[in-house]
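K.L.:
build the 3D model from these lines:
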Amino acid sequence: MRKLGALLCATSIVIACAASALPSSAQDAGDGFVTTKRWQARQDDYLRFATTELAPGSATNVIAHAERARRDPSFAFDASAVTVDGFAPSFEKIDTFADTADFDLLYLTNLWYGYRHDLPDDVRTAIEDRMHAFKYWYTEPTPPGEVDDRYYWSENHRIIFHTLEYLAGAAFPDDTFSNDGRTGAEHRDEARARILEWLDEKSHLGWTEWHSDVYYQKDATPLLTLIEFAPDRKVATRAAMMLDVLLLDIAEHLQHGNFGANRGRSYMKDKSVAEDQDTFGLSKLLFDDTSQPYESTGDAGAVLFARARKYRLPEVIRRIATTDAVTVDRERMGVPLDPSAPVTPDPKPPYGYSFDDPDTVEFWWDRGAQPVWQTVATTIETLDRYDLWDSDFFSPFAPLRDSVGGDVDAARELARSLAPMLGFGLLTEVNSYTYRSPDVMLSTAQDHRFGMFSEQAHAWQATFDEQALVFTTHPKNEPEVGTEWPDGDGYFTGTGSMPSSAQQGTAAIHVYDPAFARPGESGILGAFDYLPYTHAYFPQERFDEVVTDGHWVFGRKGDGYVGLYSEREPHWRDAPPGTFTHGLTQPFDLVADGGADNVWIVEVGREADDGSFTRFRDELTAAPVAVTREGSDPVRHRVEFTSPQEGKLVYTVTQGAPGELRVDGKRVGIRDYRRVDAPWAQVAFRAPDYVVEHDGAGLELDFAAGTRTTRTE
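P.N.:
Predicted coordinates for the structure are as follows:
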């Protein structure tokens, strides 16, 4: 294992117990963490913002008030204002088996563990009643007459449910839990094993919901909850290590407060501006990388970091987040799985994970693999066994189940034939490439699931600051009327078909070509319809200059530039009447009519490297671009682009085959990356340790030994 070197030996501390209290300021020198003075100042800054008014129905806002009252004797907090009626909406979600009820119980569990003695007796009892009665996993019984609409299996839900069960069982080990009749100790022990399994899986494979500006918050909050309250030292320490890994990922992709990476899961309601991202509050508190104010007084991530006593951010992660260096970061996360591969009797699963073992159901469903042919037999068996077909998520698939009449082979063939559509939520291995400078960042998911329908994936983005950014999608539906971006918006959220993309430094090529014909809006498959054009989100008024020049559109923000080329000449589309614009008054929708097959090319630049904005534009409009297509079903696409900065890029891609990128004639790898390949870290994929060094600070995470070591010079 590579070590941090002699300086580490001289100045490091090994955190064998993440549950130790924060050190005093006198102990800060060289300990490798953000200083206590800075850390507590950031915490207090958010708490002052969050406590201007009490929201007694928000558990996280109540936590902020209770914590500030503990820190500041002059701050008045009337706990009697917290009532059972105030928490009624959360209690109703929990009691009726509604989806995301686990989020609510997580915040209530934090309130109970941290401040239960401050709460009125009836509020404390009401929370304890839910902790005793909660259904903690899909294998537990559902009360007669209830339909369980909770989604247990995504990456973030898994760790939240296991955290809730573990902490409830630890709090009441001798009590009988009413939903399944087991003791708290039995729940605690089972959940502990699942937590450690989840932590081990993520430490080796990275995040399923990679770079998610929504769900990283939902991973951070249960991890922080375990660090603060887990009675088991091993659990708390490993949770701290995985939280470090998650925050490193945010730090590597933060651009003036905007977590602007490509993403496995995101929504337009979050990604159009940084302030709407669920990670915004916690990243502002941790990294202080934006002048934009906090958005929510009940932001779960910001609140739980603001009240944290046993976790402090490693200094090296803060320095990476705020560096002015020009860097390239390559990452690999997830598990390879091809749902369009030919059906075979005994498919070989990656990394030894079984497709047939019921104990691996949560591993595959974590990745949205329920309807792929390799796992569909186990999926049907699991849904039958635990009576899950009536839930909101699975009931739409019942007609497809019925169409095969229980024939497993037929189910596999059907799943394979519909893979480009049924894999809408599938999150397979990703190779992520990000160029970052002080002026602009460009981030791409390379050659990922070409032509497949994707509900929430975000293939690429150019980011300048909190609000100036550019990306493309293949829209699934026309814009919807409303006063906000809809949750299920298919116009800017997700994509009717994923592009095959490749990036080299400041330039990237994105090839769109759906792998399936439009099913139309009616029938079982109507949800997988798409529109016959591609488009870009390009909010003109958030840039200092925007210039349209034929197939090219250019933007400047400060000293950063972007040039966006469309093979089909694009035009600006006015927002349809009644649709949400987030305050934008100029057109922000750049549409390339004429077909769902299109090539977009993007290049970013900066004054320090490219000179004036005029020069940047002139060089790109003069740059040769050639797009050729050969054959049919599938079509072979070849895109040639001579980048002023990166040289001649030639990207060749065909449906069902790996894409190939050549730069100046030399083949460049776009897959099989290290887990992290960046100036500050070289981490092998599926490796048990991380060594991170930057600007005189360091962090070593040895997952095999369970140790966390930090240093600063």
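
K.L.:
could you pull out the strands for the stretch 551-700 of the chain?
P.N.:
Ranges of strands in the stretch 551-700 of the chain, per DSSP state E, counting those that start in this stretch, are 552-557, 560-566, 571-573, 589-592, 598-606, 625-630, 636-643, 647-654, 660-663, 666-668, 676-678, 681-683, 689-694, 697-702.

K.L.:
can I get those strands in JSON lines with distance to residue 246 and mean pLDDT?
P.N.:
Every residue, glycine included, has its C-beta placed from N, CA and C. Rendered in JSON lines, the data for these read as follows (distance: least, C-beta to C-beta, whole Å; pLDDT from 0 to 100):
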{"stretch": "strand 552-557", "distance to residue 246": "28", "mean pLDDT": "98"}
{"stretch": "strand 560-566", "distance to residue 246": "27", "mean pLDDT": "98"}
{"stretch": "strand 571-573", "distance to residue 246": "37", "mean pLDDT": "98"}
{"stretch": "strand 589-592", "distance to residue 246": "33", "mean pLDDT": "98"}
{"stretch": "strand 598-606", "distance to residue 246": "26", "mean pLDDT": "98"}
{"stretch": "strand 625-630", "distance to residue 246": "39", "mean pLDDT": "97"}
{"stretch": "strand 636-643", "distance to residue 246": "33", "mean pLDDT": "98"}
{"stretch": "strand 647-654", "distance to residue 246": "32", "mean pLDDT": "98"}
{"stretch": "strand 660-663", "distance to residue 246": "29", "mean pLDDT": "98"}
{"stretch": "strand 666-668", "distance to residue 246": "29", "mean pLDDT": "98"}
{"stretch": "strand 676-678", "distance to residue 246": "13", "mean pLDDT": "98"}
{"stretch": "strand 681-683", "distance to residue 246": "14", "mean pLDDT": "97"}
{"stretch": "strand 689-694", "distance to residue 246": "12", "mean pLDDT": "97"}
{"stretch": "strand 697-702", "distance to residue 246": "12", "mean pLDDT": "98"}
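
K.L.:
looking at those, which is nearest to residue 713?
P.N.:
Minimum separation from residue 713 across those (C-beta to C-beta) falls at strand 697-702, 7.4 Å.

K.L.:
what does the closest one contact?
P.N.:
With C-beta atoms under 8 Å, 6 or more residues apart in numbering as the test, strand 697-702 has contacts from 1, 3-4, 7-8, 12, 32, 203, 241, 244-245, 248, 314-317, 319, 688-693, 707-713.

K.L.:
do the same with stretch 635-651
P.N.:
500, 502, 504-507, 509, 511, 513, 565, 597, 599, 601, 603, 605, 609-610, 619-620, 623-630, 652-655, 659-665.

K.L.:
got TSV for the strands of the stretch 551-700 of the chain, with mean neighbour count and distance to residue 236 too?
P.N.:
Converted to TSV, these look like this (neighbours: other C-beta atoms under 10 Å; distance: least, C-beta to C-beta, whole Å):
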stretch	mean neighbour count	distance to residue 236
strand 552-557	23	42
strand 560-566	26	41
strand 571-573	15	52
strand 589-592	22	48
strand 598-606	25	41
strand 625-630	13	54
strand 636-643	20	48
strand 647-654	20	46
strand 660-663	19	43
strand 666-668	11	42
strand 676-678	21	24
strand 681-683	20	23
strand 689-694	21	18
strand 697-702	24	14
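
K.L.:
which one, of the ones you listed, ends up nearest to residue 226?
P.N.:
Per C-beta to C-beta, nearest to residue 226 of the strands of the stretch 551-700 of the chain: strand 697-702, 15.9 Å.

K.L.:
next SSE downstream of that closest one?
P.N.:
With elements assigned by DSSP states H and E, the helix or strand that comes after strand 697-702 is strand 707-712.

K.L.:
which residue ranges form the strands in the stretch 1-150 of the chain?
P.N.:
Under DSSP E, counting those that start in this stretch, the stretch 1-150 of the chain gives strands at 13-14.

K.L.:
quick one, helices of it?
P.N.:
For the stretch 1-150 of the chain, the helices defined by DSSP state H, counting those that start in this stretch cover 6-11, 36-50, 59-71, 88-95, 101-115, 121-133.

K.L.:
by contact count, what packs against the third one?
P.N.:
With contacts defined as 3 or more C-beta pairs under 8 Å, 6 or more residues apart in numbering; DSSP states H and E, the packing partners of helix 59-71 are helix 36-50, helix 101-115, helix 300-306.

K.L.:
by contact count, what packs against whichever helix or strand comes after the last one?
P.N.:
Using DSSP H and E, the helix or strand that directly follows helix 300-306 along the chain is helix 315-321. Contacts defined by 3+ C-beta pairs under 8 Å, 6+ apart place helix 315-321 against helix 233-252, helix 280-287, strand 689-694, strand 697-702, strand 707-712.

K.L.:
how about helix 315-321 as PDB, C-alpha atoms only?
P.N.:
C-alpha atoms of helix 315-321 as PDB (Å, rounded to 0.1, in the frame of the first residue of the first chain):
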ATOM      1  CA  GLU A 315      -8.600  19.400   5.400                       C
ATOM      2  CA  VAL A 316      -7.300  17.900   2.200                       C
ATOM      3  CA  ILE A 317     -10.900  17.500   0.900                       C
ATOM      4  CA  ARG A 318     -11.600  21.200   1.600                       C
ATOM      5  CA  ARG A 319      -8.400  22.200  -0.300                       C
ATOM      6  CA  ILE A 320      -9.400  20.000  -3.300                       C
ATOM      7  CA  ALA A 321     -12.800  21.700  -3.400                       C
END
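
K.L.:
mean confidence for it?
P.N.:
Mean per-residue pLDDT for helix 315-321: 98.

K.L.:
now do the helix or strand following that helix, average pLDDT.
P.N.:
Using DSSP H and E, the next helix or strand after helix 315-321 towards the C-terminus is strand 327-333. For strand 327-333, mean pLDDT rounds to 98.

K.L.:
brilliant, that's me finished.
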